[in-house]
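In: this one's sequence-less:
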C-alpha cells in the first residue's frame, strides 16, 4: 500500500523543486539582504561614542524606565 501511495511522487516533487528553486533563492537572498541592512541601520547610532556617554552614570532601572515610558519595551 505504501508503494502505491508514493508511486511517482518523487518525479513530481523533483520538478516542483526545480521550478521553484531559483525564485525562492532570489527572494530569500533579497530578504536576508533587507534584514541585514535594517539591522545595520538600527545599530549604527548606538555604535557611536556619544551614545555610550548618554547612558553613563545612569542606572539600568533608570534606562529601563525611560525606555518603557517611550514605549520601546516589549512586554
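Out: On my side now, so go ahead. Just so we're clear, the structure is a prediction, and the values are computed from it rather than from any experiment.
In: contacts, neighbours, all on C-alpha from now
Out: Noted.
In: so where's the protein uncertain?
Out: For the chain, the stretches flagged by pLDDT under 70 are 51-75.
In: quick one: the helices in it?
Out: 2-6, 9-43, 49-55, 60-69 (DSSP state H).
In: ok, residue 12 to residue 18 distance?
Out: 10 Å (Cα to Cα, to the nearest Å).
In: quick one on the thing from earlier: now tabulate the helices of the chain in TSV and tack on mean neighbour count.
Out: Putting the helices of the chain into TSV (neighbours: other Cα atoms under 10 Å) gives the following:
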stretch	mean neighbour count
helix 2-6	8
helix 9-43	11
helix 49-55	10
helix 60-69	12
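In: gap between residue 2 and residue 10?
Out: 13 Å.
In: next: residue 46.
Out: Residue 46 is 51 Å from residue 10, where distance means Cα to Cα.
In: report how many residues lie close to residue 47.
Out: Residues near residue 47, counting by other Cα atoms under 10 Å, number 10.
In: which residues touch it?
Out: By Cα atoms under 8 Å, 6 or more residues apart in numbering, the contact list for residue 47 is empty.
In: what do you get for residue 42?
Out: Contact partners of residue 42, counting by Cα under 8 Å, 6+ apart, are absent.
In: try 10 Å this time
Out: With contact set as Cα atoms under 10 Å, 6 or more residues apart in numbering, residue 42 has these partners: residue 36.
In: please apply the same query to residue 34.
Out: Going by Cα under 10 Å, 6+ apart, the list of residues near residue 34 reads 28, 40.
In: would you mind measuring from it to residue 43?
Out: Where residue 43 is concerned, residue 34 sits at a distance of 14 Å (Cα to Cα).
In: one more: residue 32?
Out: Look at residue 32 and residue 43: by Cα to Cα, they are 16 Å apart.
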